[in-house]
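>>> any chance you could fold what I've pasted below:
(one chain, ligands or ions: 1)
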Amino acid sequence: AALPAPDMTGLRAVLRTLTTQGAPGAIARIDDRGTVRTAAAGIGDRTTRRAIDNADRFRIGSVTKSFSAVVLLQLVDAHKLDLDSSVDRYLPGLLPDKRITVRHLLSHRSGLYDYTNSMFANSVSGFEAVRDKVFTYRQLVQLSLKHARTNAPGAAYSYSNTNFVVAGMLIEKLTGHSVGTAYRDRIIKPLKLRDTVYVHPDTKIPGRHARGYLTQDRAGAKPVDATDQTVSWAQSAGALISTTHDLNTFFSALLSGKLTSTAALTQMERWTPVNSTTRYGLGLRRRDLSCGVSVYGHTGAVQGFYTYSFTSKDGRRSLTALANTSNNGTVLNTMAGTLESAFCGKRTR
Ligand SMILES: CC1(C)S[C@@H]2[C@H](NC(=O)CCCC[C@H](NC(=O)C[NH3+])C(=O)[O-])C(=O)N2[C@H]1C(=O)[O-]
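Okay, the predicted model is just below:
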């Protein structure tokens, strides 16, 4: 069934609300079968007070996980990877439990502890301690293995960045290239994502970009400019940079079958319930909206930047929204309203 027209009045209202809740700025773009609609509110730089704009690049955080999952599903299509094989088959000795499979990693059911829970327990000092650091994948996995696992392999959903760090190690082992090269060759170049870059371990966002501001844990304290960092604590779990246009193109291409086989996409859409409105597949979230429409994509939270990026089942309508703040749960929750405006249209009274 055709989707209702996007509610641009409602979308603009959500972005304005975000700027009253602590985001210096917010942007959103809807691509709808060739029709482009954009909205923006607030500023992209607290020093110059420059308006934020949909041309601005930003850090996409865990939306990166969908890119990593696509590369691995392409390797499944090429018969170079089996989702139900033990990770140990490809990375012998890395993990302490041979029962952990590739599918467990991509669906956050491995039980591997998320080292960022400890790393960022104190948001600002945790960030300052790692913002210029360069980690190897193995160092990040070791940080995780210092802690007990959260569940037996496959027994429960428990979101963990560690899973997609191991996914990055699989990509490098199986392609013989860095994850940056794999993203470029397999996704960025084919889709002509001109503003999507993987620059790890460089700390700068190249080109025109929004600055991102980390909200302090102490209420009322001045936000920290978190724009420049290596994001080495995340890499294949969260270090890509992109734009609203490019992410709309990516998820639209994925859901319309342009990046993997139909069989592989079906695997990505085998859902594990997360809560009443969200399910997780393989590096892919499904969100069920109030109007009965389900949308497919991912969210992202990296210091200074919150992202929502989702598309319709057929990939014909996509929305990406960005707020240039983080560590602010009110903003993250309010951003869900951009999906309602984009896919459910005007609220019927
Ligand atoms: C599940 C999420 C929301 S968190 C996960 C991942 N981001 C991280 O793991 C970074 C967490 C620290 C970010 C930091 N928070 C703190 O320091 C809190 N003490 C902040 O807000 O800037 C990502 O991105 N995912 C989001 C996702 O997948 O949607």
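
>>> what parts of this structure come near the ligand?
61-62, 116, 120, 123, 126, 159, 161, 214, 238, 299-303, 326-327 (CB under 6 Å from any ligand atom). From N, CA and C alone the C-beta is placed, and that goes for glycine too.

>>> just checking, which of these belong to helices?
T116, S123, G126, N161 (DSSP state H).

>>> which one of the residues you listed has the most neighbours?
The residue in those with the most neighbours, by other CB atoms under 10 Å, is N161 (26 neighbours).

>>> ok, which pair from the ones in helices among the residues of the chain next to the ligand is furthest apart?
Spatially, the most separated pair among those is S123 and N161, at 15.6 Å (CB to CB).

>>> need the pLDDT of R349.
Looking at R349, its pLDDT stands at 53.

>>> quick one on the thing from earlier: name the nearest of the ones in helices among the residues of the chain next to the ligand relative to the ligand.
When these are ranked by distance to the ligand (CB to the nearest ligand atom), S123 comes first, at 3.4 Å.

>>> OK, now which residue of the stretch 151-300 of the chain is nearest to the ligand?
T299 (3.3 Å).

>>> for burial, what's the neighbour tally of that residue?
21.

>>> return the residues in contact with the residue positioned nearest the centre of the chain.
In the chain, the centroid-proximal residue (CA atoms, centre = their mean) is V63; its distance is 1.5 Å. Contacts for V63 (CB atoms under 8 Å, 6 or more residues apart in numbering) come out as L240, S242, L247, G297, H298, T299, G300, T307, S309.

>>> would it be right to say that F58 lies in a strand?
Yes - counting by DSSP: H, G, I helix; E, B strand; the rest coil, F58 is found in a strand.

>>> returning to that earlier point: which SS class is the nearest residue to the residue of the stretch 151-300 of the chain closest to the ligand once chain neighbours are set aside?
Excluding its sequence neighbours, the residue lying closest to T299 (CB to CB, 6 or more residues apart in numbering) is Y308, at 5.4 Å. Assigned with three-state DSSP, Y308 falls in the strand class.

>>> need the contact list for Y308.
Contacts of Y308 by CB under 8 Å, 6+ apart are G297, T299, L319, T320, A321, M335, A336, T338, L339.

>>> quickly run through the sheet partners of the host helix or strand of the fifth one, with directions.
Per DSSP states H and E, A321 falls inside strand 317-323. Within its sheet, strand 317-323 is paired with strand 25-32 (antiparallel), strand 305-311 (antiparallel), according to DSSP bridges.

>>> the closest residue to H104 other than its chain neighbours and the ligand, how far apart?
Computed as CB to CB, 6+ apart, the closest residue to H104 that is not its neighbour in sequence is S110, at 4.2 Å. Distance, S110 to the ligand, using CB to the nearest ligand atom, to the nearest Å: 15 Å.

>>> need the phi and psi values for S110.
For S110, the backbone dihedrals (degrees, to the nearest 10) come out as phi -70, psi -30.

>>> about what we covered before: need the ones in helices among the residues of the chain next to the ligand in CSV with pLDDT, can you?
CSV is the format used below for these (pLDDT from 0 to 100):
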residue, pLDDT
T116, 98
S123, 98
G126, 98
N161, 99
